[in-house]
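1. Structure for this input, please:
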Amino acid sequence: MEAYWNEDKISLLAKHGKSFSFAGAILSKKQLDKAATLYQVCRILDDTVDELPKEQASTQIASFIQEIENSEINSKFQLSIKKIIEYGISRKILKELAIGVESDLEVSEIEDFSSYMVYCFRVAGSVGLMMNSVLEVKDQRASFPAIDLGIAMQCTNICRDILEDAQKGRTYLPKEDLKKVSLSQFDLSQKGKTPENLKKIVKKYLDLADCYYESALDGISYLPFRARCCVLVAQALYREIGVKIKESDYEVLCGRSFLTLKEKIITTLKIIPFLFTKRFWRPLGHNKDLHILLKGFPGVHE
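-> Residues are numbered from 1 along each chain as shown. Model prediction:
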């Protein structure tokens, strides 16, 4: 983790957050710098869990949570926290992210859909809320589409990374779904042809992602114009990964789906017509049922 403190934030974002880095070219230098600072904090939390031995990672994440809760603790991480707090980011929201990341150390599988949604909110919906602060969004109603975009992207990530996650001993598709199609004992870490029953589950969660992507687009006009264009591109790139998975007939155990530079450019050009739709300029209503399982969490105001 020490290398992250010394590495240039923009370079870190370009190396590990390729889709957002591509879309981030639309942002002002100030906005991109803020986004990179937030990304650095998120990356440190995430890679602490992924790269350190479990016991060491558990101790380190617990320490990070203490630093989030107590601003008096002095550390390099605290300095980064204080920077993003200056953007208007809540420590409560940042703590939710840390708790979500920490759960990767203790839970190797997710029991049910409710737990799945809470996990997606903590590790991704929370980031959507924090990005609103980075992008200087003023309208509180913008929290709804921000959460939804984070959840949609996380659904895409989970479907894309089934093989890699299983090889780390983690399964994010709800256990109740795997049981329903007799896949609870199937070894998802084995590279090869994807069972038809698993394809059905992947389809279900990519369809869920599409539902949340659409909801996010319904509220994209809450964002300032430049930020709106950036987020529009970012969501399109992530969503296209799901499209590629669908076009492969949901073959998620053959390898990780990703977009080439050519595909990113084509995907970006495809969204130009959306700039001339009402949704780009005027927000639509939000479906409260999308957040029914998240009531009581910080930032969920419905």
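
2. got a list of what Pro174 touches?
-> Contact partners of Pro174, counting by C-beta atoms under 8 Å, 6 or more residues apart in numbering, are 110-113, 115-116. Backbone N, C-alpha and C define where each C-beta goes, glycine included.

3. where does Thr171 fall, phi/psi-wise?
-> Torsion angles at Thr171 (phi, psi; degrees, to the nearest 10) stand at phi -130, psi 120.

4. Does it touch Ser108 like I think?
-> Yes: shown here, Thr171 and Ser108 form a contact pair, counting by C-beta atoms under 8 Å, at 6.8 Å.

5. Low-confidence ranges, the stretch 201-302 of the chain, go.
-> 301-302 (pLDDT under 70).

6. where along it do the helices fall?
-> 225-247, 261-270, 278-281 (DSSP state H, counting those that start in this stretch).

7. how about the first one as CSV, C-alpha atoms only?
-> Coordinates of the C-alpha atoms in helix 225-247 are reproduced here as CSV (Å, rounded to 0.1, in the frame of the first residue of the first chain):
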residue,chain,number,x,y,z
PHE,A,225,-23.2,19.9,-17.7
ARG,A,226,-19.5,18.8,-18.0
ALA,A,227,-19.9,16.3,-15.2
ARG,A,228,-23.1,15.1,-16.8
CYS,A,229,-21.2,14.3,-20.0
CYS,A,230,-18.5,12.5,-18.1
VAL,A,231,-20.9,10.3,-16.1
LEU,A,232,-22.9,9.6,-19.3
VAL,A,233,-19.7,8.2,-20.9
ALA,A,234,-18.6,6.3,-17.8
GLN,A,235,-22.0,4.5,-17.4
ALA,A,236,-22.1,3.7,-21.1
LEU,A,237,-18.6,2.1,-21.0
TYR,A,238,-19.5,0.0,-17.9
ARG,A,239,-22.9,-1.0,-19.4
GLU,A,240,-21.2,-2.1,-22.6
ILE,A,241,-19.2,-4.7,-20.6
GLY,A,242,-22.6,-6.2,-19.7
VAL,A,243,-23.6,-6.1,-23.4
LYS,A,244,-20.4,-8.0,-24.3
ILE,A,245,-21.2,-10.6,-21.7
LYS,A,246,-24.7,-11.0,-23.2
GLU,A,247,-23.4,-11.2,-26.7
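
8. Just checking the distance from that helix to the centre of its chain.
-> 12 Å (C-alpha atoms, centre = their mean, to the nearest Å).

9. and that helix, which residues are buried?
-> 227-243, 245-246 (16 or more other C-beta atoms under 10 Å).

10. before we move on, the earlier item: tabulate the helices of the stretch 201-302 of the chain (a markdown table), appending distance to Glu102.
-> Output for the helices of the stretch 201-302 of the chain, formatted as a markdown table (distance: least, C-beta to C-beta, whole Å):
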| stretch | distance to Glu102 |
| --- | --- |
| helix 225-247 | 24 |
| helix 261-270 | 33 |
| helix 278-281 | 36 |
